[in-house]
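> Would you be able to build a 3D model of this:
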Amino acid sequence: MTTITAISDSQKLKRFEQKYSLEKQKIEYPKIISKFTSSSYGAKKVFRLGIINCSWLINFSNFFKLNYDTIKKIVDIKNDFHLVHKTLSITKIPNCLRNVNKSYNDYLKKEVDNTRKRDKLAQKLIKAFHEGTVIVQLGQLYCLYTFGAFSNKILTFSTKFFLFISSGFKLKMNTEDYLKHREIQKIAFDKKVDSRLKTILYEIKNLDLIKLIKSITSIVIGIFFLLEFIFAIVIVSPIIALILSTISVGFSVWSHLYKGSMSYQEIKNHNS
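Here you go, the predicted structure:
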């Protein structure tokens with residue numbers, strides 16, 4: 001029985017190792033950052049960071065001793081960032097639909113355990129709904145049409161609700177990845193592995209933790225928003241909400257940049 005288990009563990013380790021390139025990549029941070037910011041996702045995050053930075057300056061205007069005109073300019077810049085951030089959702093829709101189609105085709109493939117593919121499909125579909133509601137809000141920002149106060153509340157709630165559910169699926173999948181990789185790390189600890197695999201496991205562990213922190217923070221923000229919306233009371237102070245938003249966006253950007261700078265890149269479309 002011990003031999004069978006040992007073989008099974010070795011196979012798990014081998015399958016995991018085969019998912020990553022053999023050659024160590026030359027890390028070029030300007031290229032990695034440029035690739036990230038040039039994508040629709042990365043561009044949205046950059047403007048989201050701009051919104052958050054403006055919010056910090058506005059909240060601590062007394063500390064920085066900013067005058068009224070300066071604060072007004074920062075508010076105007078924040079509003080411009082907000083408008084561009086929302087507008088960039090238009091560029092994300094084609095990619096969202098492609099991801100939904102790809103996940104759906106993967107889900108249709110016959111497998112013993114299709115749970116992960118089902119979760120991924122649900123997450124991609126809900127994310128597409130979220131981007132769709134953002135685009136509907138965009139029409140109001142550009143004064144193309146207006147809704148009543150009640151309709152606006154429902155639309156805002158729907159946007160945040162879809163994002164919350166999407167974050168929930170992300171947290172579930174990130175937790176599963178963390179547990180799966182921790183199992184691989186335990187197997188590797190009991191065996192003699194080369195420096196390449198040690199590096200991969202070390203960087204994967206860091207990436208998993210970054211993703212988990214980001215997902216947990218997003219869930220907490222979503223819970224606070226839903227409670228505040230339902231009960232019409234302020235649950236947390238604006239500063240705490242700003243801190244949580246900063247952590248969420250910061251770790252989201254960090255996860256993509258860290259993944260792009262990993263020594264051994266994951267092979268795309270690898271059949272694990």
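> I figured residue 161 hits residue 226, correct?
Yes. With the criterion set as Cβ atoms under 8 Å, residue 161 and residue 226 qualify as a contacting pair; they are 7.0 Å apart. (Each C-beta comes from the backbone N, C-alpha and C, glycine too.)
> Could you check which of these two has the larger neighbour count?
For residue 161 versus residue 226, the count of surrounding residues by other Cβ atoms under 10 Å is larger for residue 161: 19 against 15.
> what helix or strand is the more buried one on?
helix 149-189 (DSSP states H and E).
> same deal with residue 226?
Assigned by DSSP H and E, residue 226 belongs to helix 195-231.
> Mind giving me the packing neighbours of the helix or strand following that helix?
Taking DSSP H and E as the definition, the helix or strand that follows helix 195-231 towards the C-terminus is helix 238-260. Here helix 238-260 touches helix 29-38, helix 40-59, helix 195-231, going by 3 or more Cβ pairs under 8 Å, 6 or more residues apart in numbering; DSSP states H and E.
> go with 6 Å
With contacts taken as 3 or more Cβ pairs under 6 Å, 6 or more residues apart in numbering; DSSP states H and E, helix 238-260 sits against helix 40-59, helix 195-231.
> show me where pLDDT drops low in this structure?
When the per-residue scores of the chain are filtered using pLDDT under 70, the ranges that remain are 1-7, 269-272.
> Mind doing that once more with 50?
Counting by pLDDT under 50, the chain has low-confidence residues at 1-6, 272.
> Please identify the buried residues of stretch 57-71?
Of the residues in stretch 57-71, those with enough neighbours to count as buried (16 or more other Cβ atoms under 10 Å) are 57-58, 66.
> starting at the chain centroid, how far to that stretch?
For stretch 57-71, the gap between its own C-alpha mean and the chain's C-alpha mean amounts to 31 Å (Cα atoms, centre = their mean, to the nearest Å).
> circling back: can you redo the helices and strands packed on helix 238-260 as TSV with distance to residue 117?
Shown next, in TSV, are the helices and strands packed on helix 238-260 (distance: least, Cβ to Cβ, whole Å):
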stretch	distance to residue 117
helix 40-59	22
helix 195-231	19
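> and the gap between residue 209 and residue 178?
8 Å (Cβ to Cβ, to the nearest Å).
> Likewise for residue 75?
40 Å.
> packing partners for the helix holding residue 226?
In terms of contact count using 3+ Cβ pairs under 6 Å, 6+ apart, helix 195-231 is assigned the packing partners helix 149-189, helix 238-260.
> Just send the ones you listed back as TSV, with distance to residue 214 too.
Putting the helices and strands packed on helix 195-231 into TSV (distance: least, Cβ to Cβ, whole Å) gives the following:
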stretch	distance to residue 214
helix 149-189	8
helix 238-260	4
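> Identify whichever of these lies nearest to residue 30.
Set against residue 30 and scored by Cβ to Cβ, the helices and strands packed on helix 195-231 come closest in helix 238-260, at 11.6 Å.
> which of the residues in the closest one are buried?
For helix 238-260, a neighbour-count test (16+ other Cβ under 10 Å) marks 241-242, 244-260 as buried.
> Likewise for stretch 17-29?
Within stretch 17-29, the residues scored as buried using 16+ other Cβ under 10 Å are 17, 20.
> can you tell me the distance between the two ends of that stretch?
Distance across stretch 17-29, first residue to last, is 25 Å (Cα to Cα, to the nearest Å).
> Tell me which of the helices and strands packed on helix 238-260 lies nearest to residue 189.
Taking Cβ to Cβ as the criterion, helix 195-231 is the member of the helices and strands packed on helix 238-260 that comes nearest to residue 189, at 9.2 Å.
> Next up, phi/psi of residue 27, please.
Per-residue torsions, residue 27: phi -80, psi 120 (degrees, to the nearest 10).
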